[in-house]
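*Asks:* Got a predicted structure here, sequence first:
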Amino acid sequence: MRRDARSPLPESLWLIIEPMLPPVPPKPKGGRPSVSAHAALTGILFVLRTGIPWEMLPAEMGCGSGVTCWRRLRDWQADGVWNRLHRELLRQLHDADRIDWSRACMDSSSIAAKKGGVATGPNPTDRGRPGTKRHLITDRRGIPLAFLLTGANVHGSMPFDDLLEAVPHVAGKRGRPRRRPDKLHADKAYDHRRCRRACLRRRIKPRIAWRGVETSQKLGHHRCVIERSFAWFNKFRQHTIRYERRLDIHHAFTSLACSLICMRALAGRF
């Protein structure tokens with residue numbers, strides 16, 4: 001398969017992820033040769049970016065069938081490849097001093113889940129139709145540090161503690177690995193005593209808008225950073241509407257999108 005500038009799989013990303021991929025199991029009974037990991041990952045990225053159904057993956061791309069790419073996405077998710085990739089890119093960003101831990105931002109965004117499935121629920125902002133909510137925490141520049149997926153009917157503040165805990169220990173520089181931001185910005189949906197206590201237990205200064213006292217807009221450009229991050233997610237057409245019923249597949253796509261955003265930051269593209 002040709003590897004040129006138009007390929008969905010950048011060579012820089014392939015060099016990072018290749019050592020993380022498990023070997024393709026041999027076929028002792030012979031048969032058709034297995035699709036290479038590079039070809040399968042190219043097909044996965046193409047589906048992520050375009051949002052096309054798996055069965056419509058163009059044969060001329062040389063990525064094998066959509067079923068093959070789907071299985072590799074599933075198997076690599078079960079093997080923890082996507083989480084390791086995200087952590088490695090965070091490590092490289094931290095080593096390059098491109099993660100700004102002085103402030104972090106937290107928010108959630110809902111998308112329609114056309115086929116339902118795990119971690120879906122009636123969306124109160126979409127006439128009760130099934131939806132999934134993506135809970136995200138970013139650094140000051142909008143680099144995704146961690147995410148959680150719930151039903152759209154789950155209040156944004158409910159997984160607050162779990163989302164903070166999901167931020168990994170990021171090594172890469174001298175001293176102890178970094179995990180906690182100095183401050184956390186969030187809108188008034190997170191104005192709960194348990195949220196503020198969760199921050200204080202971790203020595204994070206909460207900067208959460210007070211209900212009835214100040215508006216979310218008062219947080220200014222610190223809040224618009226995470227809105228921009230959600231816009232980056234929506235550039236991957238697979239994330240505008242959830243068609244995958246299986247949570248592990250949707251989780252894998254979300255983790256892969258986080259990694260691609262980190263790759264952009266590592267290349268200095270924002």
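*Replies:* Thanks, I have it.
*Asks:* From now on I want contacts and neighbour counts done on CA atoms only, so please keep to that.
*Replies:* OK.
*Asks:* where does residue 160 land on pLDDT?
*Replies:* The model reports residue 160 with a pLDDT of 97.
*Asks:* Can you find the helix or strand in the protein with the smallest mean pLDDT?
*Replies:* Counting by mean pLDDT, DSSP states H and E, the chain has its least confident helix or strand at helix 221-234, which shows a mean of 88.
*Asks:* how far is that one from where the chain is centred?
*Replies:* 13 Å (C-alpha atoms, centre = their mean, to the nearest Å).
*Asks:* any idea how far the helix or strand just after it is from the chain center?
*Replies:* Sequence order places strand 241-242 as the next helix or strand after helix 221-234, per DSSP states H and E. Here the centre of strand 241-242 is set off from its chain's centre by 14 Å, with C-alpha atoms, centre = their mean.
*Asks:* Note down every partner strand of strand 241-242 and its orientation.
*Replies:* Strand 241-242 has its sheet partners listed here by DSSP bridges as strand 103-113 (parallel).
*Asks:* Tell me the buried residues in the strand it pairs with?
*Replies:* For strand 103-113, burial by neighbour count (16 or more other C-alpha atoms under 10 Å) applies to 103-108, 110-113.
*Asks:* so it versus helix 221-234, what angle?
*Replies:* Strand 103-113 and helix 221-234 are oriented at 40 degrees to each other (axes from the mean of the first three to the mean of the last three C-alpha atoms, to 10 degrees).
*Asks:* Tell me the strands beside the helix or strand following strand 103-113, with direction?
*Replies:* Helices and strands here follow DSSP H and E; after strand 103-113, the next one along the chain is strand 121-122. Paired neighbours of strand 121-122 in the sheet (DSSP bridges): strand 130-139 (antiparallel).
*Asks:* Now do the strand it pairs with: everything it contacts.
*Replies:* Residues outside strand 130-139 that contact it (C-alpha atoms under 8 Å, 6 or more residues apart in numbering) are 99-116, 119-123, 144-154, 156, 163-164, 181, 226, 242.
*Asks:* Pull out the buried members of those residues.
*Replies:* Listed as buried from these are 99-101, 103-108, 110-114, 116, 119-123, 144-154, 156, 163-164, 181, 226, 242; burial here means 16+ other C-alpha under 10 Å.
*Asks:* Run through the stretch 151-270 of the chain and note the low-pLDDT ranges.
*Replies:* Along the stretch 151-270 of the chain, the parts satisfying pLDDT under 70 run over 173-175, 214-222.
*Asks:* Next: the stretch 1-150 of the chain.
*Replies:* For the stretch 1-150 of the chain, the ranges with pLDDT under 70 are 1-6, 28, 30-31.
*Asks:* domain parsing for this structure?
*Replies:* The record's domain parsing of the chain by automatic domain parsing lists 11-78, 100-246.
*Asks:* Distance to residue 85 for those - can I get that in JSON lines?
*Replies:* Shown next, in JSON lines, are the domains of the chain (distance: least, C-alpha to C-alpha, whole Å):
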{"stretch": "domain 11-78", "distance to residue 85": "6"}
{"stretch": "domain 100-246", "distance to residue 85": "12"}
